[in-house]
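Asker: turn this into a model:
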Amino acid sequence: MENLVPVHPGEVYDRDKVVLYQRRLLESGYFASVQAEIDVQRELADAAPLRVAVIDSPKHHVESGIGYNTDVGPRFETRYSNQDVFSSAWRFRSSLNLDQKIQNLQLDLDTPPRPGGVWNNLFTRARQQDIQNETTRELAMGVSQNYGATAAPSAYIVSAHAEDRTVSGVISDTRHALYFGVRKGFRRTDALISPREGYVLSAEIGGAPNALASQQFVRGIASASLFFPLSRSGDLLLRGQAGAVRSQAREGIPSTFLFRTGGDQTVRGYAFESIGVEEAGAVVGGRRLLVGSVEYTHWFGDNWGVAGFVDAGNAWDAGLRSDVATGYGLGARFRTPIGPIRADLAYGALRSDWRLHFSVGYGF
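Answerer: I've put the predicted structure just below:
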């Protein structure tokens, strides 16, 4: 607990830091419940103690669930975690996700946080995807050093990727890369699950050198979600994402580092990741990405709302593009403890097509 605390004796009280501390403790996985509050007695105002009450998580935890969204169809997920591997305070986590388009197995091993909220993660992943007539099978493993005790967590990442790729059942190749990257996040919102005010920002830059990859590249991506309460019953959400890969060609770069867009959480009115580079009857990832969205929600009571939105974006391979895929429409919202349930009817202007989108939560 001491290693994650963002406040220090003698500092002026900052509610946001106390909320951040609670969130970091919950996210660590060691605790099932956290309550942090300052002693408000006047006689202690110059040196008020911060009281923290926690309930430990069970050592072993298993959860499974089924779900559905219009991007990938029916979905099954199961997770297992051990919060104290070999009585060392190291955490082991495993997750298996299965749906019609993506099958993913990931194993993680986390060190306990050190002073300043520094911790390491080791991971390995096996993933198969069949999206827009492109099939990929990826094996990846890596390590990261994470700095998580501040409002702007960051991570340094080294990961190895090997991928077999088939396009339209005809074209096939193998790609690999040893990736070095740094990731930074910024978050300040009034609520963790369904915020009405604040922002969530993230950025990552990295690359793979020529000697350690089938295609040398440098990659950067940034995203932002901005929340504005316009009235007691009206919310405005602005979303944006931009990415670019610098390389001699996209061929040889593992698909996880390229860009496609379209679907429930990006550009509505289009099928999941159907906006990208056309190749032999398939849509594959490109080296450029630009997406933006404006959404207004009017709430009726505490839980029900109606939204209007406009999305626009594209993913392409080189140069500048003047054709932008736009989608607009109306949707229904229902607030739940895991985030808003969203049902949207959107018109994709570029392809003159209507699509129904169903999802839960926000895509930060």
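Asker: going forward, measure contacts and count neighbours with C-alpha atoms only.
Answerer: Noted.
Asker: number of residues surrounding the closest residue to residue 292 other than its chain neighbours?
Answerer: What sits nearest to residue 292 in space, not counting adjacent residues and going by Cα to Cα, 6 or more residues apart in numbering, is residue 240, at 4.3 Å. Neighbourhood size, residue 240 [other Cα atoms under 10 Å]: 20.
Asker: equivalent analysis for residue 319, please.
Answerer: 7.
Asker: cool, the one 3 residues further on as well?
Answerer: Each residue near residue 322 was counted by other Cα under 10 Å, and the total is 6.
Asker: where does the prediction get shaky in the chain?
Answerer: Counting by pLDDT under 70, the chain has low-confidence residues at 39-46, 149-151, 361-364.
Asker: all helices for it, in order.
Answerer: Remark: helices assigned in the chain by DSSP state H are 15-27.
Asker: could you chop it up by domain?
Answerer: Following automatic domain parsing, one gets these domains for the chain: 2-56, 60-360.
Asker: ok, residue 95 to residue 110 distance?
Answerer: According to Cα to Cα, to the nearest Å, residue 95 stands 14 Å off from residue 110.
Asker: comparing those two, which residue is more hemmed in?
Answerer: Counted by other Cα under 10 Å, residue 95 and residue 110 do not tie: residue 110 has more neighbours, with 21 against 18.
Asker: what's near enough to touch that one?
Answerer: Residue 110 makes contacts with 90-92, 119-122, as judged by Cα atoms under 8 Å, 6 or more residues apart in numbering.
Asker: which ones among those map onto strands?
Answerer: Judged by DSSP state E, the subset of the contacts of residue 110 located in strands is 90-92, 119-122.
Asker: show me the two of those residues that sit farthest apart.
Answerer: Among these, the pair separated by the greatest distance (Cα to Cα) is 92 and 119, at 13.5 Å.
Asker: winner for burial among the domains of the chain?
Answerer: Most buried of the domains of the chain, by mean neighbour count (mean count of other Cα atoms under 10 Å): domain 60-360, with a mean of 18.
Asker: got the end-to-end distance for that domain?
Answerer: Using Cα to Cα, the end-to-end distance of domain 60-360 comes out at 27 Å.
Asker: and it, how far out from the chain middle?
Answerer: Domain 60-360 has its average C-alpha position 5 Å from the chain's average C-alpha position, going by Cα atoms, centre = their mean, to the nearest Å.
Asker: list the contacts of the residue lying closest to residue 242 once chain neighbours are set aside.
Answerer: Excluding the flanking residues, the one nearest residue 242 by Cα to Cα, 6+ apart is residue 290, at 4.5 Å. Listed by Cα under 8 Å, 6+ apart, the contact set of residue 290 reads 240-243, 313-315.
Asker: at 6 Å what do you get?
Answerer: By Cα atoms under 6 Å, 6 or more residues apart in numbering, the contact list for residue 290 reads 241-242, 313-314.
Asker: turn the residues you listed into a markdown table, columns for distance to residue 325.
Answerer: Shown next, in a markdown table, are the contacts of residue 290 (distance: Cα to Cα, whole Å):
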| residue | distance to residue 325 |
| --- | --- |
| 241 | 14 |
| 242 | 15 |
| 313 | 5 |
| 314 | 6 |
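Asker: which stretches in the stretch 251-364 of the chain count as strands?
Answerer: Assigned by DSSP state E, counting those that start in this stretch, the stretch 251-364 of the chain shows strands spanning 277-279, 282-284, 288-300, 304-316, 325-334, 341-348, 353-360.
Asker: now residue 124. Nearest residue, chain neighbours left out?
Answerer: Take residue 124 and drop its neighbours on the chain: the residue closest to it by Cα to Cα, 6+ apart is residue 141, 4.1 Å away.
Asker: partner residues bridging the one you found?
Answerer: In this entry, residue 141 is beta-bridged to residue 124, residue 160, by DSSP bridges.
Asker: just the one 4 residues further on next, same as before
Answerer: Note on residue 145: beta-bridge partners residue 120, residue 156, judged by DSSP bridges.
Asker: wait, it touches residue 159, no?
Answerer: No: the criterion here is Cα atoms under 6 Å, and residue 145 misses it with residue 159 at 11.8 Å.
Asker: OK, contacts around residue 274?
Answerer: If you count contacts by Cα under 6 Å, 6+ apart, residue 274 has them with residue 262.
Asker: the same query, at a cut-off of 8 Å, please.
Answerer: Applying Cα under 8 Å, 6+ apart to residue 274 gives the contacts 132, 260-263, 283.
Asker: and the furthest pair within the residues you listed?
Answerer: 263 and 283, at 13.8 Å, using Cα to Cα across the contacts of residue 274.
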